[in-house]
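Novice: let's see this in three dimensions:
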Amino acid sequence: MDDSDLYEPFDRLITIDVLGRRVEVPENNRLLRCFQFLSMRSISRGDFCWNGDCSNCQFWYREPGQEAECPDKTALSCRFRVCEDLTITRLNPSVRLDALDEPRPADGLRAARGRDEAREQTPPHAARPIADSDDAS
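Specialist: I've put the predicted structure just below:
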């Protein structure tokens, strides 16, 4: 299955904020599919029904222009169509986004050095993790 089978047709990536990190996701898609775009492995293997029955994909958000004193709204990401400048403030613990666990650019040099050192210490015959297809950027 190629990616075109997973996502609704889109012409561009839009920017949203997920737990304080700005990310780009495909327009015209449900938010859970956008999470899958960001973290293919963890979302694909997650415990989600994909049709609104389980609530494991629940999230809390603020819409563009929503006043700060208004309480966050909640929805199911499998039913919610993503929009530009959406701010996601909280996720159900079932939603694991590995892409957000990556170091921020400011931490990049230190993290890259740590990964390089770990690779150097790993014997060539040892099992190594397989990179997610969404890691290539």
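Novice: A strand includes Leu32, no?
Specialist: No. Counting by DSSP: H, G, I helix; E, B strand; the rest coil, Leu32 is located in no strand; its state is helix.
Novice: quick check: the closest residue to Leu97 other than its chain neighbours vs Arg22, distance?
Specialist: Distance criterion Cβ to Cβ, 6 or more residues apart in numbering; nearest residue to Leu97, sequence neighbours excluded, is Ser39 at 4.7 Å. For the C-beta atoms, the positions are set from N, CA and C on the backbone; glycine is no exception. As for Ser39, its distance to Arg22 is 16 Å (criterion: Cβ to Cβ, to the nearest Å).
Novice: more crowded one of those two?
Specialist: Between Ser39 and Arg22, Ser39 has the larger neighbour count (other Cβ atoms under 10 Å), namely 22 against 10.
Novice: name the helix or strand for Phe35, please.
Specialist: Using DSSP states H and E, Phe35 sits in helix 31-38.
Novice: beyond that helix, next helix or strand please.
Specialist: According to DSSP H and E, the helix or strand after helix 31-38 is helix 40-44.
Novice: can I get that following helix in CSV, CA atoms only?
Specialist: Output in CSV follows, covering the C-alpha atoms of helix 40-44 (Å, rounded to 0.1, in the frame of the first residue of the first chain):
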residue,chain,number,x,y,z
MET,A,40,3.6,6.1,10.7
ARG,A,41,4.7,3.3,12.8
SER,A,42,3.3,4.3,16.2
ILE,A,43,-0.1,5.4,14.9
SER,A,44,-0.5,2.4,12.5
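Novice: which parts of it are buried?
Specialist: Met40, Arg41, Ser42, Ile43 (16 or more other Cβ atoms under 10 Å).
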